[in-house]
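> sequence and predicted structure below; questions after.
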Amino acid sequence: MTEKTAITPSTHTAPPAKFSHGVRKGNILQVAGQVGFLPAAEGQAPTPAGPTLREQTLQTFANVEAILTEGGASWDDVMMIRVYLTDTGHFAEMNEIYNEYFKDLTVAPAARTTVYVGLPAGLLIEIDALAVLG
Amino acid sequence: MTEKTAITPSTHTAPPAKFSHGVRKGNILQVAGQVGFLPAAEGQAPTPAGPTLREQTLQTFANVEAILTEGGASWDDVMMIRVYLTDTGHFAEMNEIYNEYFKDLTVAPAARTTVYVGLPAGLLIEIDALAVLG
Amino acid sequence: MTEKTAITPSTHTAPPAKFSHGVRKGNILQVAGQVGFLPAAEGQAPTPAGPTLREQTLQTFANVEAILTEGGASWDDVMMIRVYLTDTGHFAEMNEIYNEYFKDLTVAPAARTTVYVGLPAGLLIEIDALAVLG
């Protein structure tokens, strides 16, 4: 019997409901939808890294990576990245930030899907990810 | 060679197209997008459990669970739950129902992503899920 | 150590960012979000198969299938198909095309989720898929 383990990096705010920021079972690691909140500070409400797409995207990447690391994985293990944007006009800028962020990886990190949805007020981007460990 | 098996609980209406409510192959079980339709009744069109978010959410959970059970899994095997809402204003109430529904599970059930999309008229919530069996 | 491999059919345009059209690792194959672009032609920008839902849906299926084939899989290995539409009014016609496309498969191809989102101008449908090889 393989155990399912919840992954909760210390940098993360408590989930707003009964779910985990990430879970791992066997070689499968699933990262929940992450947004651009700054590292958790006690007694403070979750705060976005800033109002811009760049600030939020980089913070969201950092939040996904913290979960991958805590679960024993890296970007190289990621099979699928889902990017949720609120504005089709943000696509080109997001891709620029994305390419820059991943430029040193020899293998393109993963398959990707970008969809345009609503998000809570003030949030411009959300990312979730599925990893398969080697 | 591992077989892929379609999972069709008797409570479910026939899918509106050539796909399965759930499929299992090896230790992976995927639940298709479920909505708040009442158990299938012969000769009757699919009917939502009610107009409210609470009624539809609880019915949707029941519909996901029926597929998990039929496939030999439980909520505890679920790695990812995707919740699709039609209104960002429903988030707080959905979380309340969600926390109540899962309150007796010792391990938070899974990673989760909530996105705000359109759904067919009258439907307020859709949920799909990925499970990995132990 | 299982290797992650990028899957890039020759028919595909280069991804607009640092990601792969598909990736395979062990028995898991993930297809990135595909749209209805015609096979890549050198020196030409990605061009949708046509303005209609039918043209784009059939081309999108062909693009997903090319990745499955290149990765050693087929529709029969697909566990989950996610269909993104831009208009709830397209649902019935999409299902018709879908059923026709898959009519010769003995087992319904997979679980499915359809959500209504925004897509870049001119694109009516996007599909991604998760496959587990036997």
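Okay, I see it.
> contacting residues around the most centrally placed residue in chain A?
When Cα atoms, centre = their mean is applied to chain A, the residue found nearest the centroid is A:Val64 (3.3 Å). Contacts of A:Val64 were listed using Cβ atoms under 8 Å, 6 or more residues apart in numbering or on different chains, and they are A:Val31, A:Gln34, A:Ile127, A:Asp128, A:Ala129. For the C-beta atoms, the positions are set from N, CA and C on the backbone; glycine is no exception.
> give me the buried positions along the lengthiest helix in chain A.
Using DSSP state H to define each element, chain A has its longest helix at helix A:53-70. Going by neighbour count (16 or more other Cβ atoms under 10 Å in any protein chain shown), the buried part of helix A:53-70 is A:53-68, A:70.
> and chain A, which residues reach chain B?
Residues of chain A lying close to chain B (Cβ under 8 Å from any Cβ of the partner chain) are A:1-4, A:6, A:15-23, A:25-26, A:28, A:30-33, A:82, A:84, A:115, A:117-121, A:126, A:128, A:130.
> strands along chain A, start to end?
Applying DSSP state E to chain A gives strands spanning A:4-7, A:22-25, A:28-34, A:78-85, A:111-116, A:125-132.
> and these: which comes nearest chain C?
Closest of those to chain C is strand A:111-116, at 3.2 Å (criterion: Cβ to the nearest Cβ).
> put the alpha carbons of the closest one into PDB.
Output in PDB follows, covering the C-alpha atoms of strand A:111-116 (Å, rounded to 0.1, in the frame of the first residue of the first chain):
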ATOM      1  CA  ALA A 111       3.300  20.200 -21.800                       C
ATOM      2  CA  ARG A 112       1.200  23.200 -21.100                       C
ATOM      3  CA  THR A 113      -2.400  24.500 -21.400                       C
ATOM      4  CA  THR A 114      -3.400  28.100 -21.000                       C
ATOM      5  CA  VAL A 115      -7.000  29.000 -20.400                       C
ATOM      6  CA  TYR A 116      -8.700  32.200 -19.700                       C
END
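> what's that strand packed up against?
The contact analysis (3 or more Cβ pairs under 8 Å, 6 or more residues apart in numbering or on different chains; DSSP states H and E) places strand A:111-116 against strand A:78-85, strand C:28-34, strand C:78-85, strand C:125-132.
> repeat that for 10 Å
Using 3 or more Cβ pairs under 10 Å, 6 or more residues apart in numbering or on different chains; DSSP states H and E, the elements in contact with strand A:111-116 are strand A:78-85, helix A:91-101, strand A:125-132, strand C:22-25, strand C:28-34, strand C:78-85, strand C:125-132.
> what about those, which gets the closest to C:Thr11?
C:Thr11 lies closest, by Cβ to Cβ, to one member of the helices and strands packed on strand A:111-116: strand C:28-34, at 11.1 Å.
> so that closest one versus strand C:78-85, what angle?
In terms of direction (axes from the mean of the first three to the mean of the last three Cα atoms, to 10 degrees), strand C:28-34 departs from strand C:78-85 by 10 degrees.
> circling back: okay, the strands of chain A in TSV with mean neighbour count, mean pLDDT and distance to A:Phe91 next?
Converted to TSV, the strands of chain A look like this (neighbours: other Cβ atoms under 10 Å in any protein chain shown; pLDDT from 0 to 100; distance: least, Cβ to Cβ, whole Å):
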stretch	mean neighbour count	mean pLDDT	distance to A:Phe91
strand A:4-7	20	92	30
strand A:22-25	26	95	26
strand A:28-34	26	96	19
strand A:78-85	25	95	7
strand A:111-116	24	86	7
strand A:125-132	24	95	11
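> neighbours of A:Lys103, how many?
By the criterion of other Cβ atoms under 10 Å in any protein chain shown, A:Lys103 has 8 neighbours.
> which phi and psi does it have?
Dihedral pair for A:Lys103: phi -60, psi -30, per degrees, to the nearest 10.
> surely it meets A:Trp75?
No. Checked against Cβ atoms under 10 Å, the pair A:Lys103 and A:Trp75 is beyond contact range at 12.0 Å.
> on that earlier part again, the longest helix of chain A vs strand A:78-85, what angle?
Using the same axes, to 10 degrees: helix A:53-70 against strand A:78-85 is 150 degrees.
> distance of the residue nearest to the centre of chain A relative to A:Thr8?
A:Val64 sits 14 Å away from A:Thr8, going by Cβ to Cβ, to the nearest Å.
> then A:Pro120?
Computed as Cβ to Cβ, the A:Pro120 to A:Thr8 distance reads 21 Å.
> low pLDDT regions in chain A?
Applying pLDDT under 70 to chain A picks out residues A:1.
> the closest residue to A:Gly72 other than its chain neighbours: neighbour count?
Spatial nearest neighbour of A:Gly72, excluding adjacent residues (Cβ to Cβ, 6 or more residues apart in numbering or on different chains): A:Leu133 at 6.7 Å. A:Leu133 has 18 neighbours, counted by other Cβ under 10 Å.
> how far away is A:Leu133 from C:Lys4?
10 Å.
> what sits in contact with each of the two?
A:Asp77, C:Lys25, C:Gly26 (Cβ atoms under 10 Å, 6 or more residues apart in numbering or on different chains).
> against C:Thr2, how distant is the closest residue in space to the first one that isn't next to it in sequence?
For A:Asp77, the nearest residue in space outside its immediate sequence neighbours is A:Ala131; the separation is 4.3 Å by Cβ to Cβ, 6+ apart. Here A:Ala131 is placed at a distance of 12 Å from C:Thr2 (Cβ to Cβ).
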